[in-house]
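*Asks:* build me a model:
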Amino acid sequence: MNRTEHVSAPQTVDPGQPHRSSEHKDRLSSVGEIDITRGKSAGLDEAAAALSGEQWFSAREIAVQLREKAADLREREIQAAEELQAASDEYVLMLQQANSRLVVATLEAQQLAERLEAAQVQLESAKSLAEKSNLAKSEFLSSMSHELRTPLNAILGFAQLIESGSPPLTPTQNANIAQILQAGWYLLSLVNKILDLAVIESGKLPVSREPVLLIDVIRECLAMVESKAKKHNIHVTLIPFDNSWFVMADPTRVKQVLINLLTNAIKYNREHGTVEVRCAASSAERMRISVRDSGVGLSAEKLTHLFEPFNRLGQEAGTEEGTGIGLVVSKQLIELMGGAIGVQSTVGFWIELMRELGS
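*Replies:* Purely as a prediction, here's the structure:
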């Protein structure tokens, strides 16, 4: 049989304080009840809460809350584990894909390296063959040039003797001798250019670099082309410049280049045209010599083939003789002297040479 016992809290009397009111006693008695049937201290919990003024939870409530917290934590752990697993799977997949791409790239790189190595072998073989062919060509040209110059010199010598001999030649004989001399000098010039080209390409052409007074070189070259300019009705002008300028060059070779440029400017000019020779410092260390003519110039396409051997740029059918190697030789000679050569279609050719220090 259930029963309820009422337990009153012990009273302590403080002589300095008035007795507690009956209401307070009743409240203490009321909250201090213990439920014997439940066997729990619910009443005490309530009493403690009432005395402290704070909220107290029963053991059952705390257990329920702990179970809820534990369940929530387990759910979060499961969710975190799933997210971690998903991220790990994604990372592994990315690594596998990257590894696959790396394997493919490695194979492609190996194949490319093999192709490059094979191409390098072919290139070396082709280069060696080209060098041998070029050497053989240079040796042949050199030998041929020497063999041709000997009889040419004899022909020219005898023709000159006949021209200046006595008795005087008839007009017809003079005309014939003039043709022999013209053809002989042209052929000798061609042979000399071929020989120069062969020697340059073989790397055996000696070129000096010494101080050369520019005004002397230019005047000498102008004197050598004067008759040709008169024959073509071309007026050649030297624009005044500082006569004390020196350049570092081979005197013979720089004359050869300038004569070639002047000859071309005269040959491919218009009727009653003009040729101007200008000199100016292109920098503190270089001097530019320009040969400008009043000809029609060259197209952009022809300019790209200007320094190709034996390429006359469509002038083969013209009336002017030429070989197509003069500019090639000039370019290589200028570069051997540490200079440069260039052209502007509507202006003309120019060469640059190093200035003598202090000039």
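
*Asks:* convert the C-alpha atoms of stretch 128-137 to CSV, please.
*Replies:* Provided in CSV are the C-alpha atoms of stretch 128-137 (Å, rounded to 0.1, in the frame of the first residue of the first chain):
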residue,chain,number,x,y,z
SER,A,128,77.8,17.0,-93.6
LEU,A,129,76.8,16.2,-97.1
ALA,A,130,76.1,19.8,-97.9
GLU,A,131,79.5,20.9,-96.5
LYS,A,132,81.2,18.2,-98.6
SER,A,133,79.3,19.3,-101.7
ASN,A,134,80.0,23.0,-101.0
LEU,A,135,83.7,22.2,-100.6
ALA,A,136,83.7,20.2,-103.8
LYS,A,137,81.9,23.1,-105.6
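
*Asks:* okay, now the domains of the protein?
*Replies:* 22-56, 210-354 (automatic domain parsing).

*Asks:* centre of the chain versus the top helix by length along the chain, how much separation?
*Replies:* When the chain is parsed with DSSP state H, its longest helix is helix 59-164. Remark: helix 59-164 is offset 17 Å from the chain centroid, using CA atoms, centre = their mean, to the nearest Å.

*Asks:* do the same with stretch 289-296
*Replies:* On CA atoms, centre = their mean, the centre of stretch 289-296 falls 33 Å from the chain's centre.

*Asks:* then stretch 233-246?
*Replies:* 40 Å.

*Asks:* quick revisit: what's the closest of the domains of the chain to residue 84?
*Replies:* Across the domains of the chain, residue 84 has its closest neighbour in domain 22-56 (38.6 Å, CB to CB). For every residue, glycine as well, the C-beta is placed using N, CA and C.

*Asks:* what mean pLDDT does that closest one have?
*Replies:* Domain 22-56 shows a mean pLDDT of 49.

*Asks:* got any ranges where the stretch 51-200 of the chain has weak pLDDT?
*Replies:* Within the stretch 51-200 of the chain, the ranges that satisfy pLDDT under 70 run 51-57, 142, 145.

*Asks:* go through the domains of the chain and pick out the most buried.
*Replies:* A comparison of those by mean neighbour count, using mean count of other CB atoms under 10 Å, puts domain 210-354 on top with a mean of 17.

*Asks:* just to revisit the earlier point, the domains of the chain: which one's closest to residue 82?
*Replies:* domain 22-56 (37.2 Å).

*Asks:* and residue 192, how close does it get to residue 259?
*Replies:* 12 Å (CB to CB, to the nearest Å).

*Asks:* same thing with residue 114?
*Replies:* Applying CB to CB to residue 114 and residue 259 gives a distance of 54 Å.

*Asks:* residue 242 now?
*Replies:* From residue 242 to residue 259 the distance is 23 Å (CB to CB).

*Asks:* name the helix or strand for the nearest residue to residue 149 once chain neighbours are set aside, please.
*Replies:* Leaving aside its sequence neighbours, residue 149 sits nearest to residue 191 (CB to CB, 6 or more residues apart in numbering; 5.5 Å). According to DSSP states H and E, residue 191 maps onto helix 171-202.

*Asks:* next secondary structure element downstream of that helix?
*Replies:* strand 210-213.

*Asks:* neighbours of the residue nearest to residue 149, how many?
*Replies:* A count of nearby residues for residue 191, using other CB atoms under 10 Å, gives 18.

*Asks:* what's the longest helix of the chain packed up against?
*Replies:* Applying 3 or more CB pairs under 8 Å, 6 or more residues apart in numbering; DSSP states H and E, one finds that helix 59-164 contacts helix 171-202.

*Asks:* now the helix it packs on, how far from the chain's geometric center?
*Replies:* 45 Å.

*Asks:* quick one, it and helix 59-164 angle?
*Replies:* With axes from the mean of the first three to the mean of the last three CA atoms, to 10 degrees defining the directions, helix 171-202 sits at 150 degrees from helix 59-164.

*Asks:* name the helices or strands packed onto helix 171-202?
*Replies:* Partner elements for helix 171-202 (3+ CB pairs under 8 Å, 6+ apart): helix 59-164, helix 326-336.

*Asks:* quick one: contacts of the last one?
*Replies:* Surrounding helix 326-336, the residues in contact under the criterion CB atoms under 8 Å, 6 or more residues apart in numbering are 193, 196-197, 200-201, 205, 207, 250, 253-254, 256-257, 260-261, 263-264, 306-309, 340-341, 351, 353.

*Asks:* now, the residues you listed that are in helices?
*Replies:* Of the positions in the contacts of helix 326-336, 193, 196-197, 200-201, 253-254, 256-257, 260-261, 263-264 sit in helices, assigned by DSSP H.

*Asks:* distance to residue 110 added to those residues, as CSV?
*Replies:* Output for the ones in helices among the contacts of helix 326-336, formatted as CSV (distance: CB to CB, whole Å):
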residue, distance to residue 110
193, 51
196, 49
197, 45
200, 44
201, 40
253, 52
254, 54
256, 54
257, 52
260, 53
261, 54
263, 58
264, 54
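
*Asks:* which of the residues you listed lies closest to residue 218?
*Replies:* residue 254 (9.7 Å).

*Asks:* hang on, isn't that closest one packed against residue 341?
*Replies:* No - in this structure, residue 254 is not within contact of residue 341 by CB atoms under 8 Å, at 11.4 Å.

*Asks:* please name the nearest non-neighbouring residue to residue 254.
*Replies:* Per CB to CB, 6+ apart, closest to residue 254 is residue 217, 6.0 Å.

*Asks:* which stretch of helix or strand covers the one you found?
*Replies:* helix 214-224.

*Asks:* okay, now residue 126: neighbour count?
*Replies:* Residue 126: 10 neighbours (other CB under 10 Å).
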